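In: Quick one: sequence plus predicted model below, questions after.
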Amino acid sequence: MSISRHALFGKLGATLFRSIESATALAKLRGNPYIEVVHWLHQLFAQSDSDLHRIVRHCGISRELLERDLQAALAALPSGASALTDFSHHVEAAIERAWVVATLAFGDHRIRGAWLTAALVETPELRRLLLAISPEFGKIALDGLHDALPAWIAGSPEAADTAYDRSDFSSAVPGEASGALAASAKGAALAQFCADLTARARAGEIDPVVGREVEIRTMIDVLLRRRQNNPLLTGDAGVGKTAVVEGLARAIAAGEVPPKLADLRLLSLDVGALLAGASMKGEFEARLKSVLEEAAKSPTPVVLFVDEIHTLIGAGGQAGTGDAANLLKPALARGTLRTIGATTWAEYKRHIEKDPALTRRFQVLQIAEPEEPSAIDMVRGLARTLANHHGVVVLDEAIRAAVTLSHRYIPSRQLPDKAISLLDTACARVALSQHAPPRELQRIRERLQAARVEAELLANEARIGLGGETALVDVNANIATLELEERAVEAAWQAQSEVAKALASARDLVSERATEAGAEADAPDSAAASLQTLRELEQTLAKLQAGTPFVFPEVGEAIVADIVSDWTGIPVGRMVTDEVSAVQVLPATLAARVIGQHDALQQIGKRVQTARAGLADPRKPLGVFLLAGPSGVGKTETALALAEALYGGEQNLITINMSEYQEAHTVSGLKGAPPGYVGYGEGGVLTEAVRRRPYAVVLLDEIEKAHGDVHEMFYQVLDKGYMEDGDGRYIDFRNTTILMTSNVGSDLTASLCADELLAPDIDGLRSALSPELLKVFPAAFLGRVTVVPYRPLGSDSLAQFVRLHLDRVVRRMADNNRIALSYAPQVIDYIVGRCLVQETGARLLIGFIEQHVLPRLASQWLDAVAAKSAITHVTIEVIDPVAAPNDALAFRSSYV
């Protein structure tokens, strides 16, 4: 006998009937063709309390796992249906079986959640379905279930339910029920999608906020308005917009606000949580609407804080139609919902300002980057928190250094965020040094491990007769050396670590004695004795470190400077003796690679020395030089030598060929395309390179070939030390050295320096070149650079140049092929003579060596390898240059 749907559904209790209605709406919302049991269970668990909640709790079922399984089961259902078809036969079977359990087992005239659960568990087909939804339901045991259920559900709100026997139910068809999802528990949406900042402030979980009193007071003024009482904080990332809101939460918790705001709850809305899992259309809007309704109806006044509020534009629908921002507008306009938003100025311009209806509902408050003194006060407010977290001592000099150095050398981020990150990292490094082996010891151990693996491989080769005995001896010697280094470094680290621990204990003792000094008359003597012990330990640790500190007892300025150096590559730490020596002998270091340009290198060296001493204008690049002279005299080599000597290697040389920028429109190639043009957002060749490597040598090769607009583009760099790229970002050039090369006036320079005895000095050359340079470059451009004339190379300089490059070949032969190479002095004269005769200048010297020397050496080595013999020595000599003018070099090899 079949039971009519009207009679069957009419026996459901009010709780079950409302949940089946909301399950119908859920299935329709998700595009499922049938209303399944999993829809019903999902909506039952959305209630605040029910029989099912109590059964789950008594059986020890994990709610987290259960909710996860329900979501997975919903996701696995077929979707895409335009309309609902009907209830699943499992739903009707469950209700029919639950009615039998209710009447026969419990004598109840209506179906409640406990009877439905019993029906699902006891019916084999329904139990298999239940376990497929979630294995957690297997914890509901069949034995004794009927006896246990009344005790489990005692006090359930379903006890007051009556049969939901509606006369109009027969007119309802699937999908046309109330259409409302199950109502959440009171305040559930706020609890699920918001974090209570005032509660965190009362619990002491929010860091102190210093230096933002004016902004917090202005925000309070806006919140106290009757209408348009919604502050919108704008500012660059890292200036402290969220910190200002946290400062307001601390003020509310401390009772430092007007009476109208005394009971305020400041809730931070998590937009990500709202969006998470809201895959179906309308689900996100339903969540947000429930949050807004609960906030408006809350008995305690609520202010929502939406960080990155621009993300709401277009969220949930097309921007301007069904997006989340339009759900906010009515509440914001009426003043029933107060909201604090935060976003960057760029995102405000891009998303919010375009919507006047939304803009007028907010009061924009600009949060500017603080000045250095204010930033220092802000970081001081957090210093104690950082020190306690890491268990270290933070000196005030470290706080000042974190602000000043980050402001100077990390321009891509904002204060106080970058200073706090820098100080936090410094604290972490000091804490790590006190509990972990130093990096130097770890590097030695890594090298030692690699050497031992190599030795094992070579030993295996030697055992099977494949050679390797000589290499094995060298590797074993290297292992012995590394083991000695490892023992020495480890001993030094252990010694410093022990003294550092004693120093920390002594500091704690001094602090205790200082406290006792205020309470006991004889305490000052003991405090003085402890202080003396402390000073002795500090001196002992300083002697042990002796320039190689492995353990740091406190966070000081030097640690902060080291971290800035690691982040940026800029050696901003205190100049140690070897650094001072390197800068002092810079002209000589450059002269070892750049031949015949003594005066020019002296001028460059002096400017670099001035900059490294901190006496140059800090707003400008470290140096800007225009190297003017003939081709092949060492201008490009100067840039390479400078990068090698002071900037950590030739990889820190940024080279731009300016002959590629001869048209006016090519300016965008250097700094990036402006908005609306192809390539916008990709950055420029020059600006992107400097942004990634702010501490480098910038070489603008053949600057005279660039368009005049390109020259003018550099005025801002030469005056203020930065360039604005196509995206509006300011690229910092203050830590770069800019070298520009030019061949303008080469003929004049050659004629003036034809006779070395009558050649003018460098100032005379500069004066003579000035009219020629003015024909190409604007006077305003030349006035911003230092012109450095380069002389043509004489025969002596060319000979020195050849000797330098041949010596490099000698080293490569020894390192790569283990062959000793030597050359006769006549070889140098022959190569120089060949270049002078052909009048191709010094640039051909390298080409001559690569074309006439290196191929002959390579050929002899390859022939020896093919003949399975080994070359031990090669001598280069000059035979009769008259008889063989084009091939007067002879290569004589010695074989084993």
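Out: Now that the structure is in, tell me what you want to look at.
In: From residue 869, how far off is residue 465?
Out: 20 Å (C-beta to C-beta, to the nearest Å). In this view, the C-beta of every residue, glycine as well, is placed from N, C-alpha and C.
In: Mind checking which of those two has more residues around it?
Out: Relative neighbour count places residue 869 above the other of residue 465 and residue 869, with 12 against 7, counting by other C-beta atoms under 10 Å.
In: Once you drop chain neighbours, what's closest to that one?
Out: residue 895 (5.0 Å; C-beta to C-beta, 6 or more residues apart in numbering).
In: Neighbours of the one you found, how many?
Out: For residue 895, the neighbour count with other C-beta under 10 Å is 11.
In: Report the buried residues of stretch 730-742.
Out: Within stretch 730-742, the residues that count as buried by 16 or more other C-beta atoms under 10 Å are 730-742.
In: got it, and stretch 747-754?
Out: Here stretch 747-754 shows 748-749, 752-753 as buried, counting by 16+ other C-beta under 10 Å.
In: surely residue 702 meets residue 746?
Out: No. Here residue 702 lies out of contact with residue 746, judged by C-beta atoms under 8 Å, at a distance of 11.9 Å.
In: and which of the buried residues of stretch 747-754 is nearest residue 301?
Out: Residue 301 lies nearest to residue 749 out of the buried residues of stretch 747-754, by C-beta to C-beta, at 79.9 Å.
In: measure that closest one to residue 150 for me?
Out: Distance of residue 749 to residue 150, computed by C-beta to C-beta: 108 Å.
In: Same question for residue 97.
Out: Computed as C-beta to C-beta, the residue 97 to residue 150 distance reads 19 Å.
In: Give me the neighbour count for residue 339.
Out: With neighbours defined by other C-beta under 10 Å, the count for residue 339 comes to 23.
In: Numbering from 59 from now on, please.
Out: Yep, numbering from 59; the last one is residue 397 now.
In: Show me what it is bridged to.
Out: Bridge pairing for residue 397 (DSSP bridges) gives the partners residue 362.
In: Point to the helix or strand of the protein where mean pLDDT is at its lowest.
Out: Taking mean pLDDT, DSSP states H and E as the measure, helix 635-642 is the helix or strand of the chain with the lowest mean score, a mean of 64.
In: so residue 823 sits in a helix?
Out: Yes. Counting by DSSP: H, G, I helix; E, B strand; the rest coil, residue 823 is part of a helix.
In: distance of it from residue 853?
Out: The gap separating residue 823 from residue 853 is 20 Å, by C-beta to C-beta.
In: The two: who's more crowded?
Out: Here residue 823 and residue 853 are compared on neighbour count by other C-beta under 10 Å; more neighbours surround residue 823, at 25 against 13.
In: which residue ranges form the helices in the stretch 209-358 of the chain?
Out: Assigned helices in the stretch 209-358 of the chain, in chain order: 246-251, 255-260, 271-281, 299-311, 329-333, 341-355 (criterion: DSSP state H, counting those that start in this stretch).
In: Tell me which of these is the most buried.
Out: Among these, the stretch with the highest mean neighbour count (mean count of other C-beta atoms under 10 Å) is helix 299-311, at a mean of 23.
In: And that one, what does it pack against?
Out: Contacts defined by 3 or more C-beta pairs under 8 Å, 6 or more residues apart in numbering; DSSP states H and E place helix 299-311 against helix 255-260, helix 271-281, strand 289-292, strand 323-327, strand 360-365, strand 396-401.
In: And residue 296, how close does it get to residue 787?
Out: To residue 787, residue 296 is 14 Å away according to C-beta to C-beta.
In: I'd like to know how many residues surround residue 621.
Out: 23.
In: Buried residues, the host helix or strand of it. List them.
Out: Secondary structure assignment for residue 621, by DSSP states H and E: helix 615-626. Judged by neighbour count (16+ other C-beta under 10 Å), helix 615-626 contains these buried residues: 615-623, 626.
In: Helix or strand for residue 493, just tell me which one.
Out: Taking DSSP H and E as the criterion, no element holds residue 493; it sits outside all helices and strands.
In: should've said residue 828
Out: In the assignment (DSSP H and E), residue 828 maps to helix 820-832.
In: Buried residues in that helix, which are they?
Out: Of the residues in helix 820-832, those buried under the neighbour-count criterion (16+ other C-beta under 10 Å) are 820, 823-824, 826-827, 830-831.
In: Could you identify the least confident member of those residues?
Out: pLDDT across the buried residues of helix 820-832 is lowest for residue 820, at 82.
In: So residue 366 is in contact with residue 328, correct?
Out: No. Here residue 366 does not reach residue 328: they are 10.7 Å apart, not a contact under C-beta under 8 Å.
In: For the helix holding residue 828, name the packing helices and strands.
Out: With contacts defined as 3+ C-beta pairs under 8 Å, 6+ apart, the secondary structure elements packing on helix 820-832 are helix 656-670, strand 681-686, helix 804-810, helix 837-840, strand 844-847.
In: run the last query once more with 10 Å
Out: Here helix 820-832 touches helix 656-670, strand 681-686, strand 795-800, helix 804-810, helix 837-840, strand 844-847, going by 3 or more C-beta pairs under 10 Å, 6 or more residues apart in numbering; DSSP states H and E.
In: now the helices and strands packed on helix 299-311 in a markdown table, with mean pLDDT and distance to residue 775?
Out: Formatted as a markdown table, those follow (pLDDT from 0 to 100; distance: least, C-beta to C-beta, whole Å):
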| stretch | mean pLDDT | distance to residue 775 |
| --- | --- | --- |
| helix 255-260 | 92 | 44 |
| helix 271-281 | 92 | 34 |
| strand 289-292 | 93 | 29 |
| strand 323-327 | 92 | 42 |
| strand 360-365 | 92 | 36 |
| strand 396-401 | 92 | 31 |
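In: residue contacts, the residue nearest to residue 311 when sequence neighbours are not counted?
Out: Nearest residue to residue 311 in three dimensions, chain neighbours excluded: residue 259, at 3.8 Å (C-beta to C-beta, 6+ apart). Listed by C-beta atoms under 10 Å, 6 or more residues apart in numbering, the contact partners of residue 259 are 304-312, 324.
In: OK, contacts around the residue nearest to residue 927?
Out: In this structure, residue 953 makes contact with 918, 922, 925, 927-931, judged by C-beta under 10 Å, 6+ apart.
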